[in-house]
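**Student:** sequence and predicted structure, then a few things I'm wondering about:
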Amino acid sequence: MDINSSNIEQIVRQVLDSMNGKTVQSSSSNGEIPKTAHVAMLTGLEKFEIKEYPMPTVGDDDILVRVEGCGVCGTDAHEFKRDPFSLIPVALGHEGTGEIVKMGKNVKVDSAGKPLNIGDKVVTCMIFKDNPDITMFDLNKQNVGGADVYGLLPDDDIHLNGWFSDYILVRGGSTVFNVSDLDLDSRILIEPCAVLVHAVERAKTTGILRFNSRVVVQGCGPIGLICIAVLRTMGIENIVAVDGEDKRLAFAKEMGANAVVNFKNHKGIEALADGVKDAFGGYLADFAFQCTGSPVAHSNIYKFIRNGGGLCELGFFINGGDATINPHFDICSKEITTVGSWVYTLRDYATTFDFLKRAKGIGLPIEKLITHKYPLEQINEALVTNLKMEGLKIAIVNK
Ligand SMILES: [Zn+2]
C-alpha cells in the first residue's frame, strides 16, 4: 500500500473526526458515503454528461449533502439551450434538496438558528461572499439577485456545485435551512414558491392588496399557479386567472382561483377586459399580478385594473423586449401603483416554509405542480421536456 503524505493527512483527519464524535459514516439510506459522487455537467449546448468525481474532503464549516431531488428551472433551460451566462462546463440545479450525511465541526445551526444534525433535510439559498450585509433579518430587504447560488457557479476543483447530482458540498458561508418537516415534493418547490412569497410581499407594500381584494393573475404557468396559491393562503378568495390554455385554467381553479378567463375566447383587448370584468361580477380588479414573459400581456394588464388599483409585474425573468403602454390612460389618469418583483430575500425563503405547510393545510394540491420526475441519468430528456413546455414543474429525483 502506497502511503504518501496526503493519505496520512486523511487518516489523521478521520481519526480526529471520530474522536470529536463526527464519524465518517452517514445515516443515508445505504449507510456509507461512497468514494465518488456523480454530477450532471452541462459540457456543451443541450448536452449534459454524468461525470464522476472523488468525494471531497468536508472542511470544518462545510456540509456534505446527499441529493434527493431538484426542480428544473427556466434558467436551467436557458443555460441548456444557449449558455447566456457563459458558464459551460457547469453543474446546474438550484432548486434542490437533500439529506446531510457529513458536516464539519463548526456547523451547529442553520441560517435561521435551528439545530442541524446528520440526517436532517436541507435546502440552500444564497452564498455570502462579497456582501456580508445580506443577512437573514436585514432591514434593507436585499433580494438574491446578483448573489451566488449553487447550481449557477463556475466549475472548480471540487465540482460538486449544483443540485443535479447525487452529492453536493455546501461550503461555509452559504445559507442553509433545516426543512426536515417538509416532504420531498414540498422541498423541491421551495425555491419557485419563494419567488411568489416575495412578489406578494412587494404587492402588500402598495397598501392596495387587502383581505377582500379582487385580484387578477395573468399567466398560469408554475409562477402564476403558485401566485394564486399564495394569495389563497392569505385569505384572498376573489381571484380571476387569465391564460390561453383551458388545462392550465382548470388547474388554476384547483389552486384557488374562483373564476377563469381564456384570452383566446375574446377578440381584442377591450373584449378581454370585459371578460375579466364579467368574471368579477361587473368590476375591474383592485390588484393584478402579471406572471407571463410576454410584452403584449404586460401592455394588456392595465386594462384589467380599476382606477387607483395596483400592479405587480414579475413575469420577466429574462429580457423579453419592450412593452408599449399609454402613460396617460394606463398609469396617470387611473393612478395605478406599480411594483416590480425579482427573486426573493432570505426572509422570504423562511416564510415560504410556512406557506407550504399552510397551503397543504387548506387542501391546495401544491404537489401536483410537479408533473414530471426523471432520474439523474435522464437529465437531457428532462430539459427537453421543459423546453417543449410540456407539463409544469419538471424535477430530477434520485433513488
Ligand atoms: Zn429557479
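**Tutor:** Good, I have the coordinates. Numbering: from 1, shown residues only.

**Student:** which residues of the stretch 101-250 of the chain fall in helices?
**Tutor:** In the stretch 101-250 of the chain, the helices defined using DSSP state H, counting those that start in this stretch lie at 184-188, 190-204, 222-233, 246-254.

**Student:** can you tell which of those is closest to Glu381?
**Tutor:** Closest approach to Glu381 among these is made by helix 184-188 (17.7 Å; C-beta to C-beta). Any C-beta I mention is one placed from the backbone N, CA and C, and that applies to glycine too.

**Student:** contacts for that closest one next, please.
**Tutor:** If you take C-beta atoms under 8 Å, 6 or more residues apart in numbering as the criterion, helix 184-188 is touched by 68-71, 95-97, 121, 123, 179, 356, 360, 366-367, 370, 393, 395, 397.

**Student:** what comes up buried for it?
**Tutor:** Leu184, Asp185, Ser186, Arg187, Ile188 (16 or more other C-beta atoms under 10 Å).

**Student:** picking up where we left off before, the contacts of helix 184-188 in strands, which ones?
**Tutor:** Within those, residues falling in strands by DSSP state E are 68-71, 95-97, 121, 123, 370, 393, 395, 397.

**Student:** so which of those residues is the most crowded?
**Tutor:** Among these, Cys70 has the most neighbours (other C-beta atoms under 10 Å), with 33 neighbours.

**Student:** quick one: the strands in the stretch 151-300 of the chain, in order.
**Tutor:** For the stretch 151-300 of the chain, applying DSSP state E, counting those that start in this stretch gives strands covering 167-170, 174-178, 214-218, 238-243, 259-262, 285-290.

**Student:** correct me if wrong: Pro89 contacts Asp155.
**Tutor:** Yes. At 5.1 Å, Pro89 counts as touching Asp155 under the criterion of C-beta atoms under 8 Å.

**Student:** who's more crowded, those two?
**Tutor:** Between Pro89 and Asp155, counting by other C-beta under 10 Å, Asp155 is the more crowded of the two (18 against 14).

**Student:** name all residues that make contact with that one.
**Tutor:** Neighbouring residues of Asp155 by C-beta under 8 Å, 6+ apart: Met41, Leu87, Pro89, Val90, Ala91, Asn161.

**Student:** from these, which single one is nearest Asn319?
**Tutor:** Nearest to Asn319 among the contacts of Asp155, counting by C-beta to C-beta, is Leu87 at 18.0 Å.

**Student:** Gly268: neighbour count?
**Tutor:** 8.

**Student:** phi, psi for it please.
**Tutor:** Gly268 has phi and psi values of phi 90, psi 160 when expressed as degrees, to the nearest 10.

**Student:** all numbers from here: first residue = 554
**Tutor:** Sure, I'll start numbering at 554, so the last one becomes Gly821.

**Student:** from Gly828, how far off is it?
**Tutor:** Applying C-beta to C-beta, to the nearest Å, the value for Gly821 to Gly828 is 11 Å.

**Student:** go on, Thr728?
**Tutor:** Distance, Thr728 to Gly828, using C-beta to C-beta: 43 Å.

**Student:** ok, back up a step: in strands, which of the contacts of Asp708 fall?
**Tutor:** Using DSSP E, the contacts of Asp708 in strands are Met594, Val643, Ala644.

**Student:** hmm, back to that, list residues touching both of Pro642 and Asp708?
**Tutor:** Common contact partners of Pro642 and Asp708 (C-beta under 8 Å, 6+ apart): Met594.

**Student:** is Gly651 in contact with Ile721, as I believe?
**Tutor:** Yes. The pair formed by Gly651 and Ile721 meets the contact definition of C-beta under 8 Å, at 6.9 Å.

**Student:** quick revisit: between the ones in strands among the contacts of helix 737-741, which is closest to Ile761?
**Tutor:** Distances from Ile761 to the ones in strands among the contacts of helix 737-741, taken as C-beta to C-beta, are shortest for Lys946 (29.7 Å).

**Student:** how many neighbouring residues does Phe638 have?
**Tutor:** 12.

**Student:** can I assume Leu762 is in contact with Cys780?
**Tutor:** No. With contact defined as C-beta under 8 Å, Leu762 does not reach Cys780; the gap is 11.8 Å.

**Student:** out of these two, which sits in the more crowded spot?
**Tutor:** For Leu762 versus Cys780, neighbours defined as other C-beta under 10 Å are more numerous around Cys780 (34 against 21).

**Student:** ok, that one to Asp901 distance?
**Tutor:** Cys780 is 14 Å from Asp901, by C-beta to C-beta.

**Student:** still on that earlier bit, select only the buried ones of the contacts of Asp708 in PyMOL?
**Tutor:** PyMOL command restricting those to the buried ones, with burial defined by 16+ other C-beta under 10 Å:
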select buried, resi 594+640+643+644+714
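
**Student:** switch the contacts of Asp708 over to TSV; also include pLDDT and distance to Val793.
**Tutor:** Below are those laid out as TSV (pLDDT from 0 to 100; distance: C-beta to C-beta, whole Å):
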residue	pLDDT	distance to Val793
Met594	98	44
Leu640	95	39
Pro642	97	45
Val643	97	40
Ala644	98	41
Asn714	97	42
